[in-house]
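# Predicted structure and sequence below. I'll ask about it afterward.
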Amino acid sequence: MMAGSESFFEKVYGVARQIPFGRVTSYGAIANYLGGRMSARMVGWAMNNCHVHRYPVPAHRVVNRNGMLTGKHHFGSPLIMQQLLEAEEITIENDRIIHFEEHFWDPSIELKAGND
DNA sequence: GGTGTGACCAGCT
DNA sequence: AAGCTGGCCACAC
């Protein structure tokens, strides 16, 4: 129904905002949850336009597949992303999340796909 | 309306 | 082992 009226971007923002405190996910995981084989590039670019969204998007909880803070430069300062993650009890070292798998939050698993 | 691009991912050389 | 290219799709000019 009208649910599909929302842009793909808003879907990405919706998933990103559902990431619980102290959890992180990857661009590919979100892409996989939304469209299966959709290119993760689109997810990252959606984050680039996150400022367009009405509400703030926890883009700092979204990192690449390796748990690296690849998009930290887009927060205005390369230190913002790390500080935000450290504020959530997440340890960062060398721009990479320590114990990334433990903090990893897969939307396709947590949201079960169908939990509308 | 075509071209370029983008915070990725995975495979190939 | 490490670098690079292709591919994916939606948005901006």
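Yep, that arrived.

# residues near the residue in chain A that DNA strand B sits nearest to, how many?
Nearest to DNA strand B in chain A, going by C-beta to the nearest atom of the strand, is A:G71, at a distance of 1.8 Å. In this view, the C-beta of every residue, glycine as well, is placed from N, C-alpha and C. By other C-beta atoms under 10 Å, the residues close to A:G71 number 19.

# again, but for the one 3 residues further on
Applying the criterion other C-beta under 10 Å, we find 16 residues in the vicinity of A:H74.

# Helices of chain A, residue ranges please.
A:8-17, A:27-35, A:40-48, A:80-86, A:100-103, A:107-110 (DSSP state H).

# residue nearest the centroid of chain A?
When C-alpha atoms, centre = their mean is applied to chain A, the residue found nearest the centroid is A:V62 (2.9 Å).

# For it, list the residues it contacts.
A:V62 makes contact with A:A16, A:I19, A:V24, A:T25, A:S26, A:Y27, A:I30, A:V43, A:M47, A:G71, according to C-beta atoms under 8 Å, 6 or more residues apart in numbering.

# State the distance from the first one to DNA strand C.
Separation of A:A16 from DNA strand C (C-beta to the nearest atom of the strand, to the nearest Å): 15 Å.

# number of nearby residues for that residue?
22.

# which residues does it contact?
With contact set as C-beta under 8 Å, 6+ apart, A:A16 has these partners: A:T25, A:I30, A:M47, A:C50, A:V57, A:P58, A:A59, A:R61, A:V62.
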